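Q: Need the 3D shape of this:
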Amino acid sequence: MTHQHMNIFHHPNTPSTLNTGRMAMEVCNSQITNTLTTSQVPELDTYCELIWPKFPTGNKTTYLGVYYRPPSDKGKSLEYLSTSLNTICNSSSANFMLTGDFNLGNRHTTRSQSHTGSRTRNDRTLDLLCMSNTFLVNRVETLPPLGYHAIIFSEINLSLSKAKQLPHKVFIYKTADWEKFGKNVKETYTHIEEHQLELDIDNMWNYFKTKTTQSIHNEYQLS
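A: Purely as a prediction, here's the structure:
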């Protein structure tokens, strides 16, 4: 894939004192997908190594973040990251996907907190994938590294799947045998009245529900 088919984003305000190089991200543009149009969000830039492009997904906006935390950081970089995340989270119509090298050392995370379930460098999990909506994640794998870190491969839906509506029965009440149905209801009531001293409330309800449901299915036609 050539660079004319990519959108390249970089953070212009990366602190020079960190000596970690300038961050960059490549994202497929609409020349290939014809649907994915990305743009950088400069208002989310803070004084840390972080890039936030965004792209529309239905009636929401999805932010794709890449972050690097230097090993020497004492927590300031994470505070700047939190500032960006809070800005996104204040919008009710936004999702975010954040990945990168968090350099958390031996502070391991579980799969419920991030989506990286295995070590990404030696015996440590330094690279994480964090989501605002975990239901969008189909699968996450770690692949053999090209350098010092394992590659995080993720498969993510851009929209939540909708549960398929199951077919349901529709009763035709105008063709029902109301006389027989009324007789069945009366027999049910008589049975409950005769056995009310030996039946508790749960058994009474279950008996009534079972008999009434049977009568509906027997006496009403289905469309």
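
Q: In the protein, what helix or strand scores lowest on average pLDDT?
A: Here the helix or strand of the chain ranked lowest by mean pLDDT, DSSP states H and E is helix 30-33, holding a mean of 46.

Q: mind listing the strands for this protein?
A: Counting by DSSP state E, the chain has strands at residues 6-10, 24-28, 39-40, 49-51, 53-57, 60-68, 94-101, 127-131, 137-143, 151-156, 171-172, 221-222.

Q: closest to Asp202 out of those strands?
A: strand 171-172 (26.8 Å; CB to CB). C-betas here are computed from N, CA, C, even on glycine.

Q: What lies in contact with the longest helix along the chain?
A: Ranked by residue count, the top helix of the chain under DSSP state H comes out as helix 201-219. With CB atoms under 8 Å, 6 or more residues apart in numbering as the test, helix 201-219 has contacts from 171, 176-178, 180-181, 184-185, 187-188, 191-192, 196, 199.

Q: right, so the strands of the chain: which one is the most enclosed?
A: strand 49-51 (a mean of 24; mean count of other CB atoms under 10 Å).

Q: Report the strands that pair with that strand, each with its relative direction.
A: strand 60-68 (antiparallel) (DSSP bridges).

Q: what is the mean pLDDT for the strand it pairs with?
A: For strand 60-68, the mean pLDDT works out to 88.

Q: Distance of Trp178 relative to Cys130?
A: Trp178 sits 60 Å away from Cys130, going by CB to CB, to the nearest Å.

Q: Before I go, just wanted to say thanks for your time.
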